[in-house]
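**Q** let's see this in three dimensions:
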Amino acid sequence: MRKEVDRCVKRCRICQVSKGTSTNAGLYMPLPVPSQPWVDINIDFVLGLPRTQRGNDSIFVVVNRFSKMVHFIPCKKTTDAVNVAQLFFRDVYHVHKAVHDNLVRANSKYKQDADKKRRQVDFEVGDFVWAVLTKDRFSVGEYNKLSAKKIGPVEIVEKINSNAYRLQLPSHIRCSDVFNVKHLLPYYGDSSNDDHGAHSRSNFVYPGGDDAGPSVEDRSLAFLKAHDRVTKGASQKWP
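**A** Numbers count the residues shown, from 1 in each chain. I've put the predicted structure just below:
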């Protein structure tokens, strides 16, 4: 019976015209996520508020969809589109433009002061350099005060920008291959004439590598053992 009623209702023009319910057809389509602030905004109005001494009875709401920052601008219910645009430029656009200009001036002044104690150094892809190893580039337990502080020569394989370079590190070095220019020093030797290649002990010094050699602790222990043997041998000669 129910199927017969549904079929009759679907075919009845009067029933279809009279029924106005919506269906669940159509998948959800979210709004695109903005990539920077104040590029994609939402605006709305809060109406019907008590009138203020200046005659305002509404609020013009501007929401930045990127950071969710909100501007609440008093207005009137009778404010037209031209006045709304003027309010937007006065209370939103000019405010953030002034902030942007102030940031640009502050960055420019800070760069000018900071560069007084700095110098520009440029390397090219294919150059060989010494790379300074900071403490954070060592694995846990490998760093000590007598550890090698530089490795090299290593080749520059990519110039990311004027302050960052990607290096061709040996396989046993377990750290990022991107170095800041302040941690790079020019290599003045001829790496093409190295007899043992790029992974030799004369070129690379780094804890944990295949060519790292004995550590300071191992050398100290060997020295003490040798000293004990010499002391015992000398004591046996005396009656």
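**Q** so how far is stretch 106-116 from its chain's centroid?
**A** Counting by CA atoms, centre = their mean, to the nearest Å, stretch 106-116 is centred 22 Å from the centre of its parent chain.
**Q** can I get the CA coordinates of it in CSV?
**A** The C-alpha trace of stretch 106-116 is given here as CSV (Å, rounded to 0.1, in the frame of the first residue of the first chain):
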residue,chain,number,x,y,z
ALA,A,106,60.9,48.7,10.6
ASN,A,107,62.3,45.8,8.7
SER,A,108,64.3,48.1,6.4
LYS,A,109,65.8,50.0,9.4
TYR,A,110,66.6,46.8,11.3
LYS,A,111,68.3,45.3,8.2
GLN,A,112,70.3,48.5,7.7
ASP,A,113,71.5,48.3,11.4
ALA,A,114,72.2,44.6,11.3
ASP,A,115,74.1,44.6,8.1
LYS,A,116,76.7,47.0,9.6
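**Q** any idea which element V63 lies in?
**A** V63 belongs to strand 58-64 when assigned by DSSP states H and E.
**Q** again, but for V154
**A** Here V154 is assigned to strand 150-161, by DSSP H and E.
**Q** on that earlier part again, mind listing what the strand holding V63 pairs with, with the direction of each?
**A** strand 41-46 (antiparallel), strand 70-75 (antiparallel) (DSSP bridges).
**Q** the first one: which residues count as buried?
**A** Of the residues in strand 41-46, those with enough neighbours to count as buried (16 or more other CB atoms under 10 Å) are I41. For glycine as for every other residue, the C-beta is placed from the backbone atoms N, C-alpha and C.
**Q** got it, and the last one?
**A** Within strand 70-75, the residues scored as buried using 16+ other CB under 10 Å are H71, I73, P74, C75.
**Q** which strands and helices sit next to the strand holding V154?
**A** Contacts defined by 3 or more CB pairs under 8 Å, 6 or more residues apart in numbering; DSSP states H and E place strand 150-161 against strand 128-132, strand 164-168.
**Q** what angle separates it from strand 164-168?
**A** In terms of direction (axes from the mean of the first three to the mean of the last three CA atoms, to 10 degrees), strand 150-161 departs from strand 164-168 by 130 degrees.
**Q** ok, the nearest residue to V132 once chain neighbours are set aside - contacts?
**A** Once flanking residues are discounted, V132 sits nearest to H183: 4.1 Å by CB to CB, 6 or more residues apart in numbering. With contact set as CB atoms under 8 Å, 6 or more residues apart in numbering, H183 has these partners: A131, V132, T134.
**Q** ok, the residue nearest to L87 when sequence neighbours are not counted to F89 distance?
**A** Spatial nearest neighbour of L87, chain neighbours left out: I73 (5.2 Å); criterion: CB to CB, 6+ apart. Counting by CB to CB, to the nearest Å, the separation of I73 from F89 is 11 Å.
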